[in-house]
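Engineer: one predicted model, sequence on top.
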Amino acid sequence: MEEFLLGLQKPARYIGQEWNVSKKDIDKAGVKFALSFPDMYELGMSNLGLRILYSLLNKIDDVVCERVFAPAADMEKIIRDNQLKLPSLESGKPLNEFDLLGFSLGYELGYTNVLNILDLGSIPLKSADRGKDDPLVIGGGPCVMNPEPMHEFFDLFVFGEGEDVILEVIDLYRSRKAEFKSGGLSRMGILKLFASIPGVYAPLLGTPVKVKKRFVADLDKAHFPDKWMVPYIQVTHDRITMEVMRGCPNRCRFCQARSQYFPLRLRKPQTILEQSKCLYSSSGYEEISLTGLSVSDHPGLNEILPEMVRFFKEKGVSLSLPSMKPKTSLGGMTELLATIKKTGLTFAPESASPKLREALGKDFNEDDFFKTLEESFQAGYQHVKLYFMVGLPGEQDLDLDSILEFSARVSELSRKVSGRPAQVNVSINTLIPKPHTCFQWFAMLGLEEMKAKQDYLRGHLKNRRIKLSFHNRFMSFMEGVLSRGDRRLSSVILAAFRKGARFDGWDEHFDFQRWMDSFSECGIDPNEYLKEFPADKPLAWAFLDPGINQEDLSAGYEKIKSIL
Ligand code: SF4
């Protein structure tokens, strides 16, 4: 493989050897585990879940865990033209020589990359076609909130947090490996054994009655890497990511992450400070981001931030926070952060209409928001990013107007404070009524409706300080279909892959017509998946229990209908 590297656009995607990478002898491993994020290296190396599992697995003496990402087109061509096999980054071992291959499924538009990785690694695409010499292919991550469209390609799905269950998977495999590899235990036999682990199911055995989500009970004691791998090329999130919480105290009715990461768990301030310092000293990174679903709700933030600022300021390390909830108590903190680095401010009101916000269940107080914003402008911030959604049931043109008015008000507040209007970047997404949310039964906008809303907003924008950006509506459509889909969609995904679909989450690679051709070929109308689902019929994902009370979801659904 080395002889081809210099001809590639970014060889560093494939060489491994990064700072703090695990260096274990794979040929001496009792269990060989390949861990994959099915997208480009730059995105995969920005994924916290992958880093946690990589570190955790490599702490086990007889386990070697190595990474593999989706190869770009130039690398794929080399592999196919030369009849090579996709190797892992660390040892260069071909994928089909691993015992277990785990995919972190973060985004439905990465599904065809999963098939490409299997294909390039010489692993049969379908679970039913694999034998004892093939790895067991395991799927985990956010998409397992409804993995049914991918059921044909996975031997096992793990529902919930990998750290909580992966050691049981390893122990079971280790204890049965010899029997399985010698043919004494059939593939179906070993799948049945794995399916007895809570949170794990084997789609080849049919749809189970109930699978309960696994989660780590005590986040403070949960494994977190003590060394941070440092890539040789710039990656998407090129910084240390310090997870401060899992779960969210808020109850936004549209939010799948709330169900996925339920219940709320916090890391203690002391642990966060110690781990941040440890990761900094092992990596030398110049930026640390505190991450979690709603970081500004962490009750220890008043303790964490001043100490982090004190420690990192003199080292020239900047801190960043994700999208913040406007709270008056945050004013002092934004000022604190501004002393180190004036990154932009990000807020997600989701809707500018109080009525729609109530339907969404979004806890967003406008008075607090504008007060926080004023303090932030006084502290020197000049750029604001706002996230809104369109496509809520009952939405009117007036609700779209209010997005533009709200954004203009944000910009003008800066003029009042500093004499200059702020640049406001407004990102507009279409609501995807996702599984395990109160919106899961509602219909999603079709392509023409999405276009009409986007055109309306573009046509009514008058303020030059406001920049609108829209998520690609064809990709939203596909995300809606795949996330709300059922087992029939495996054939469509396979057809799209056979027609050349790769990196569907990338605008420049996404080909909507190819997907439509694949639906036609399989005799499936994708629009069926965007229609309203009857509330009295079981949903494709109903057997997955994320721990959220189903009556709460139904009550939320009724509440939305009563508001709209
Ligand atoms: S949208 Fe954000 S604040 Fe609301 S429940 Fe989801 S993660 Fe929490």
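Structural biologist: Perfect, I can see it now.
Engineer: so which residues on this protein come close to the ligand?
Structural biologist: Taking Cβ under 6 Å from any ligand atom as the contact definition, the chain meets the ligand at 248, 250, 252, 255, 257, 258, 293, 294. Just so you know, the C-beta spots here come from the backbone N, C-alpha and C atoms, and that holds for glycine as well.
Engineer: what's the one helix or strand residue 36 maps to in contact with?
Structural biologist: Using DSSP states H and E, residue 36 sits within strand 31-37. The contact list for strand 31-37 (Cβ atoms under 8 Å, 6 or more residues apart in numbering) reads 26, 43-44, 47, 50, 53-54, 57, 60, 62-70, 88, 93, 95, 97-104, 106, 114, 117, 135, 170, 173-174, 177.
Engineer: give the next helix or strand downstream of that strand.
Structural biologist: Toward the C-terminal end, the helix or strand that comes next after strand 31-37 (DSSP H and E) is helix 41-44.
Engineer: need the CA coordinates for the strand or helix carrying residue 388. PDB is fine.
Structural biologist: Per DSSP H and E, residue 388 falls inside strand 383-390. C-alpha atoms of strand 383-390 as PDB (Å, rounded to 0.1, in the frame of the first residue of the first chain):
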ATOM      1  CA  HIS A 383     -20.600  37.300  15.400                       C
ATOM      2  CA  VAL A 384     -23.700  35.400  16.200                       C
ATOM      3  CA  LYS A 385     -25.000  32.100  14.800                       C
ATOM      4  CA  LEU A 386     -28.600  31.200  15.100                       C
ATOM      5  CA  TYR A 387     -30.300  27.900  14.400                       C
ATOM      6  CA  PHE A 388     -33.900  27.700  13.300                       C
ATOM      7  CA  MET A 389     -36.100  24.900  12.000                       C
ATOM      8  CA  VAL A 390     -38.900  25.100   9.400                       C
END
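Engineer: any idea how far the helix or strand that it is followed by is from the chain center?
Structural biologist: Going down the chain from strand 383-390, the next helix or strand is helix 397-418, by DSSP H and E. Centroid displacement of helix 397-418 relative to its chain, using Cα atoms, centre = their mean, to the nearest Å, is 30 Å.
Engineer: for residue 82, see how far away residue 2 is.
Structural biologist: 12 Å (Cβ to Cβ, to the nearest Å).
Engineer: ah, wrong one, I meant residue 245
Structural biologist: To residue 82, residue 245 is 47 Å away according to Cβ to Cβ.
Engineer: neighbour count winner among those two?
Structural biologist: Shown here are residue 245 and residue 82; by other Cβ atoms under 10 Å, residue 245 has more neighbours (23 against 10).
Engineer: which residues touch the nearest residue to that one once chain neighbours are set aside?
Structural biologist: Leaving aside its sequence neighbours, residue 245 sits nearest to residue 292 (Cβ to Cβ, 6 or more residues apart in numbering; 3.7 Å). By Cβ under 8 Å, 6+ apart, residue 292 lies in contact with 243, 244, 245, 246, 298, 322.
Engineer: all helices of the stretch 151-300 of the chain, in order?
Structural biologist: Assigned by DSSP state H, counting those that start in this stretch, the helices in the stretch 151-300 of the chain fall at 162-182, 187-195, 256-260, 269-283.
Engineer: most neighbours per residue, which of those?
Structural biologist: When those are scored by mean count of other Cβ atoms under 10 Å, the highest mean neighbour count falls to helix 256-260 (a mean of 23).
Engineer: show me the contact partners of that one.
Structural biologist: Taking Cβ under 8 Å, 6+ apart as the rule, helix 256-260 contacts 142, 145, 247-248, 250-252, 293, 434-437, 546-548.
Engineer: and with 7 Å instead?
Structural biologist: By Cβ atoms under 7 Å, 6 or more residues apart in numbering, the residues outside helix 256-260 that reach it are 142, 145, 248, 251, 252, 293, 434, 435, 436, 437, 546, 548.
Engineer: for this structure, which residue is closest to the average position?
Structural biologist: Residue closest to the average C-alpha location in the chain (Cα atoms, centre = their mean): residue 106, at 4.0 Å.
Engineer: got the contact list for that one?
Structural biologist: Counting by Cβ under 7 Å, 6+ apart, residue 106 touches 37, 47, 141, 142, 143.
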